[in-house]
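[1] Below: sequence and its predicted model.
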Amino acid sequence: MRKKEQPLLVDRFQRRLSYLRVSVTDRCNLRCRYCMPPGGVPKLAHPDILAYEEIRRVIQAASSLGMNKIRLTGGEPLVRKGMVDFIRQLAELPAPLDVRMTTNGLLLADKARDLAAAGLRRVNISLDSLDSRTYEYITGLDVLPQVWRGIQTALDAGFDRIKLNCVAMKGVNDHELERFAQLSREYPLEVRFIEFMPMGQVDFWSRDRFLSAEEIQRRIEGLDRLEAVPREGDEGPARVFRLPGALGTLGFISPVSNHFCGACNRLRLTAEGKIRVCLLSDREVDIKDALRAGAGPEELAGLLRRAAAAKPQNHLLRQAETPRRAMHSIGG
Ligand code: SAM
Ligand code: SF4
């Protein structure tokens, strides 16, 4: 008998969607200037955010459509209680999932080993400065040593891969770009430079602070020759290089200056249960009401299909449209 083929999620532009990014909370233990509005944000009440059981049902429906890469993000995912157990539950689902997380690293020194043991495979850690004062200026807290301990613990914890994400901002942390690049010589990390994006009601965004990935790369090329690293399959939007003899690699990500929408394979689930069809567009499909009305896997898969069908071909930043949601409520 022929094996039943798994239905795949393909959008109107023939992009196959295989990657679901899940914001598990809107809360955060940092206050990054480029991510949170200056006056802070009203907190969602507990019943407004999806329960783990509801998130798991969405992930199972997504997995039935061939979405097997799951990234847990936030706010800060590690401030939500029960995260290690939730990852263990995901790892025990019958269909194998590749579960990843994006974190600011502040709680990693305590949790990295348990997360790896529970089945988390990859971690992206956000770090925008190696200087305590600049770190505090950007994030609002003087906790760089604690984050650095988290990175060291993660390096020893047995993850398949660890990336450091650095949002490059002119006049804020651009004097540190070369120092960041040098980290990749010493540690088996992918150090990734990301363009600053205008998001939500965040006053900190300004054209003057924007640095294109091309400019960042030119600066790093001043250090040494960059060897291109071949990518496997749908590895994401970074262009990846290696400094000669380095243990790690360098990635350059250009969401603003250079569309990579043609290769987009993502949907996003917000903490309050909206499927966001593109990071940089405010089109969303509600899934919370269906979850709370007891929707089964077929109905949830139908909503994911509806979201896929609503994906725009390209994002609209070039037309100077800024998404309404700030990044802390989407998860990056
Ligand atoms: N709290 C976690 C963290 O910081 O890694 C996860 C959520 S955070 C919203 C995800 C990523 O979005 C971080 O790497 C952060 O640097 C990035 N980010 C937030 N606002 C941004 C912006 N305006 N432009 C570029 N990246 C941004
Ligand atoms: Fe929090 Fe991450 Fe946003 Fe910083 S970037 S405020 S750590 S959600």
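    Thanks, I have the structure now. Ligands and ions are numbered 1, 2, ... in the order given.

[2] which bits of the protein sit near ligand 1?
    Neighbours of ligand 1 within the chain, by CB under 6 Å from any ligand atom: 28, 34-35, 73-74, 76, 102-104, 126, 165, 167, 194, 196-197, 199, 327-328, 331-332. (C-beta placed from N, C-alpha, C; glycine too.)

[3] Any of those residues buried? List them.
    Among the residues of the chain next to ligand 1, those classed as buried by 16 or more other CB atoms under 10 Å are 28, 34-35, 73-74, 76, 102-104, 126, 165, 167, 194, 196-197, 199, 327-328, 331-332.

[4] what subset of those residues is also close to ligand 2?
    Okay, of those touching ligand 2 (CB under 6 Å from any ligand atom), that's 28, 35, 74, 76, 104, 126, 327-328.

[5] Sort out which of the buried ones among the residues of the chain next to ligand 1 are in strands and list them.
    73, 102-103, 126, 165, 167, 194 (DSSP state E).

[6] what would these look like in a markdown table with pLDDT?
    Below are these laid out as a markdown table (pLDDT from 0 to 100):
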| residue | pLDDT |
| --- | --- |
| 73 | 97 |
| 102 | 98 |
| 103 | 98 |
| 126 | 98 |
| 165 | 98 |
| 167 | 98 |
| 194 | 96 |
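
[7] show me where this protein has strands.
    19-23, 69-73, 98-103, 122-126, 161-168, 190-195, 227-228, 239-242, 249-253, 266-269, 274-276, 284-286.

[8] contact partners of the fifth one?
    Translated: strand 161-168. 34, 102, 121-128, 151, 154-155, 173-174, 177, 180, 183, 188-196, 211, 216, 251 (CB atoms under 8 Å, 6 or more residues apart in numbering).

[9] same check, this time on the third one
    The list of residues contacting strand 98-103 from outside it, by CB under 8 Å, 6+ apart, reads 68-74, 76-78, 87, 90-91, 115, 119-126, 165, 331-332.

[10] Over to the last one?
    Residues from elsewhere that reach strand 284-286 (CB under 8 Å, 6+ apart): 270, 273-277, 303, 306-307, 310.

[11] check contacts around residue 269.
    20-23, 50, 55, 58, 275-276, 287.

[12] so it bridges to which residues?
    On DSSP bridges, the residues paired with residue 269 through beta bridges are residue 22, residue 275.

[13] Tell me the pLDDT of it.
    On pLDDT, residue 269 comes in at 97.

[14] since we're on residue 246, how many residues are nearby?
    22 (other CB atoms under 10 Å).

[15] again with residue 230
    6.

[16] From the ones next to ligand 2 among the buried ones among the residues of the chain next to ligand 1, pick the one nearest residue 11.
    residue 327 (23.1 Å; CB to CB).

[17] hang on, isn't the closest one packed against residue 198?
    No - assessed by CB atoms under 8 Å, residue 327 is found out of contact with residue 198, at 10.3 Å.

[18] which residue does the stretch 151-300 of the chain bring closest to ligand 2?
    residue 167 (8.1 Å; CB to the nearest ligand atom).

[19] measure that residue to residue 205 for me?
    Distance from residue 167 to residue 205, counting by CB to CB, to the nearest Å: 11 Å.

[20] thinking again about what came up before, any chance of the contacts of strand 284-286 in CSV, plus neighbour count?
    Converted to CSV, the contacts of strand 284-286 look like this (neighbours: other CB atoms under 10 Å):
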residue, neighbour count
270, 24
273, 22
274, 22
275, 24
276, 25
277, 23
303, 19
306, 13
307, 25
310, 18
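
[21] of all of the stretch 201-332 of the chain, which residue lies closest to ligand 1?
    residue 332 (2.8 Å).

[22] Isn't that residue up against residue 73?
    Yes - using CB under 8 Å, residue 332 is in contact with residue 73, at 5.9 Å.
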